[in-house]
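Participant: Mind looking at a prediction? Sequence and model below.
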Amino acid sequence: TEFGKDHGFRNISSYREYAARVPVRDYEELKPYVEKVVAGEKDILWPGKPLYFAKTSGTTSGAKYIPLTKESMPTHIDAARNAILCYINDTGKADFVDGKMIFLQGSPELDEKNGIKLGRLSGIAAHYVPGYL
């Protein structure tokens, strides 16, 4: 990827080297890379193109586009499941799973930007809700 080349990933062989070459940064510092992905370029932050862009509301500095890949989607789905399971564990209240549920989320309707589906993360995740929910 362009990001990997810019940070010398080929020469990294340890966590220490990675930490030295790839500083923690905020969205604004990654924005030039993200803008290339949003423009439809591939192999920028991740091999190929992402499946989706999760668009944030931009409360701090305008709307942001978060690339979501095939490999990252299970993590988002697991997080939603784990939130429910943690609630049950912490409160001991599980009776709500015996009845009907309503999810308050962003719209599952997705737009498209340069061949990549675009929407709110909760709306994207709605397409992956497990059958047991």
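Facilitator: Good, I have the coordinates.
Participant: who touches the spatially closest residue to Lys42 that is not a sequence neighbour in this structure?
Facilitator: Excluding its sequence neighbours, the residue lying closest to Lys42 (C-beta to C-beta, 6 or more residues apart in numbering) is Lys49, at 4.9 Å. To be clear about C-beta, it is placed using only N, CA and C from the backbone, and glycine gets the same treatment. Listed by C-beta atoms under 8 Å, 6 or more residues apart in numbering, the contact partners of Lys49 are Val37, Gly40, Lys42, Gly115, Ile116.
Participant: In this model Phe53 seems to touch the second one, though I could be wrong.
Facilitator: No. Between Gly40 and Phe53 no contact is recorded; they are 11.2 Å apart, counting by C-beta atoms under 8 Å.
Participant: more neighbours, these two?
Facilitator: Neighbour totals were compared for Gly40 and Phe53, and Phe53 leads with 25 against 11 (other C-beta atoms under 10 Å).
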